[in-house]
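Novice: Structure, please.
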Amino acid sequence: MNSRGAGRYLAAVGAGILAVAGLGAPSAMAQNAGAPPAPAEQMTPVEQALVGQALADAADEIEAAIAAGPEDNQAVFALGVVQFLQSGEHLAQAAHRYGASAEGNPLLAFTGFPTTLVPASVAPEELSYEKLREIITVWRDEVARAEATLARVGEGDVKLRIPVGLIRMDYNDDGAADENEALWMLFNRVQRRFRADEAGAREFVIAFDRGDVEWLRGYCHVCLALAEVILAHDFEELFENCGHLAFAKPRTPHKFLLSRVTDDHEPFLDMIAFVHLINFEVTDPAGMERARQHLLSAIGRSRAMWRHFDAETDDDREWIPNPRQTAAIPRARVNDEMREMWLLFLDEAQEVLEGNRLVRFWRPTDTRGVNLKRVFTEPQRFDLVLWVQGTAAAPYLENGQTTSPRLWDRMERAFGQQVFRHSFWFN
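Specialist: Residues are numbered from 1 along each chain as shown. Below is the predicted model:
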């Protein structure tokens with residue numbers, strides 16, 4: 001995933017489903033290559049609960065359904081989906097509350113955060129470093145809750161048909177998810193190439209199945225790894241000196257930074273400081289090891305996902321199809337070579353995280369490799385500039401078998417130069 005795609009994903013986790021429409025298809029909510037959607041009266045109560053209302057209300061309905069009778073896979077899957085979307089919704093609400101959606105934030109523009117994603121607050125609140133860490137901690141805990149719910153889904157079949165464009169998220173934290181906060185409206189705000197409408201959103205249904213449970217669990221573990229890495233470091237100095245690049249009113253001892261002017265050179269100076277201050281002391285080494293374990297779990301869930309996909313014999317509006325199926329997203333496809341190369345990539349990624357294979361060092365005069373496992377298990381102060389230069393990697397350099405550049409070349413051929421986009425899709 002490139003920096004722009006990553007920024008958008010982190011900005012609103014729940015919008016990730018729509019972002020994959022960028023695989024080259026026309027508006028996915030305007031054209032559906034799968035079977036016609038089931039009429040609303042044929043949808044189960046659990047499926048109907050997911051659309052057209054606030055996520056909190058959807059969660060209440062689904063939890064009541066689970067409590068009223070024997071726990072079934074569809075209801076538990078739906079609850080996990082809602083809880084995962086709520087974690088993204090609460091991040092978006094924090095962005096609104098503290099002015100991260102305001103125009104003129106250079107860092108957000110640089111990372112690809114669409115300033116139209118969340119309505120700008122007319123009265124943004126002051127944000128402290130401690131509060132920012134609390135927001136990230138709450139996000140981590142909510143994602144962990146969603147993953148734990150998804151882990152309750154049994155091995156039996158599951159089908160969850162969702163017109164994803166009709167899901168609503170309360171981005172501005174006003175207590176009500178209205179029509180303007182439906183995901184199809186979000187899709188139109190974050191891109192201008194394709195235009196969706198409510199009719200198209202109603203027709204675009206994805207039939208999520210058992211393999212997609214593992215897909216979402218894998219994404220949960222990726223999010224949890226990211227949160228653990230962030231929380232394992234002390235980034236207070238960066239926040240105090242550069243928080244104004246992302247938030248309207250960061251608490252800082254340098255009040256002059258909060259005076260926004262039209263002078264073009266000030267954002268440039270601040271971005272230099274931002275890069276310089278990505279130099280963090282490790283305050284929770286155990287958090288780095290937890291992050292590594294989450295990445296290993298994500299690999300395990302991706303393998304489980306393909307195990308379920310390979311066993312499927314239907315062809316029903318697939319989110320990720322096996323090579324014999326059709327994707328719900330028009331013109332998105334998976335062939336045998338893509339599947340094979342992704343599984344080989346997972347094998348190598350696990351070898352790297354376990355320390356059995358080294359990451360090739362980027363200084364051509366040194367044939368050693370970086371033991372990535374030790375980066376997590378023996379963390380030292382993280383200095384971005386020195387990592388780019390190579391000296392920060394020196395404590396982790398070893399002789400041994402390194403990653404294969406041929407694997408990457410084969411992946412680029414298999415995915416048609418769209419490895420990062422498909423990686424975002426497959427997780």
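
Novice: so where's this structure uncertain?
Specialist: By pLDDT under 70, the weakly predicted segments of the chain are 1-41, 101-119, 190-193, 260-264.

Novice: how's it carved up into domains?
Specialist: As assigned by automatic domain parsing, the chain contains the domains 3-311, 357-426.

Novice: Off-centre distance for stretch 290-302?
Specialist: For stretch 290-302, the separation from the chain centroid amounts to 14 Å (computed by C-alpha atoms, centre = their mean, to the nearest Å).

Novice: Roughly how far does the closest residue to Ala151 other than its chain neighbours sit from Gln83?
Specialist: Using C-beta to C-beta, 6 or more residues apart in numbering and skipping the chain neighbours, the partner closest in space to Ala151 is Arg217 (6.7 Å). Just so you know, the C-beta spots here come from the backbone N, C-alpha and C atoms, and that holds for glycine as well. Note on Arg217: its distance to Gln83, by C-beta to C-beta, to the nearest Å, is 12 Å.

Novice: of the two, who's got more company?
Specialist: Shown here are Arg217 and Gln83; by other C-beta atoms under 10 Å, Arg217 has more neighbours (26 against 22).

Novice: Do I have it right that that one meets Thr149?
Specialist: No. Arg217 sits out of contact with Thr149 when judged by C-beta atoms under 8 Å, with a separation of 9.7 Å.

Novice: Would you report the backbone torsion angles of Gln53?
Specialist: Backbone torsions for Gln53, taken as degrees, to the nearest 10, come to phi -150, psi 170.

Novice: Just the element for Ala207, please.
Specialist: The secondary structure element spanning Ala207 is strand 206-209 (assigned by DSSP states H and E).

Novice: Name every sheet partner of that strand and say whether each one runs parallel or antiparallel.
Specialist: Strand 206-209 sits in its sheet next to strand 159-162 (antiparallel), going by DSSP bridges.

Novice: Could you give the separation of the partner strand from the chain centroid?
Specialist: Here strand 159-162 shows a centroid-to-chain-centroid distance of 21 Å under the convention C-alpha atoms, centre = their mean.

Novice: likewise stretch 166-175?
Specialist: Relative to its chain's centre, stretch 166-175 lies at 19 Å (C-alpha atoms, centre = their mean).

Novice: Give me the distance between the two termini of it.
Specialist: Using C-alpha to C-alpha, to the nearest Å, the end-to-end distance of stretch 166-175 comes out at 18 Å.

Novice: do stretch 364-374 as well
Specialist: Using C-alpha to C-alpha, one end of stretch 364-374 lies 22 Å from the other.

Novice: Next, the residues that contact it from outside, please.
Specialist: Under the contact criterion C-beta atoms under 8 Å, 6 or more residues apart in numbering, stretch 364-374 has outside partners 292, 352-355, 357-361, 393, 395-403.
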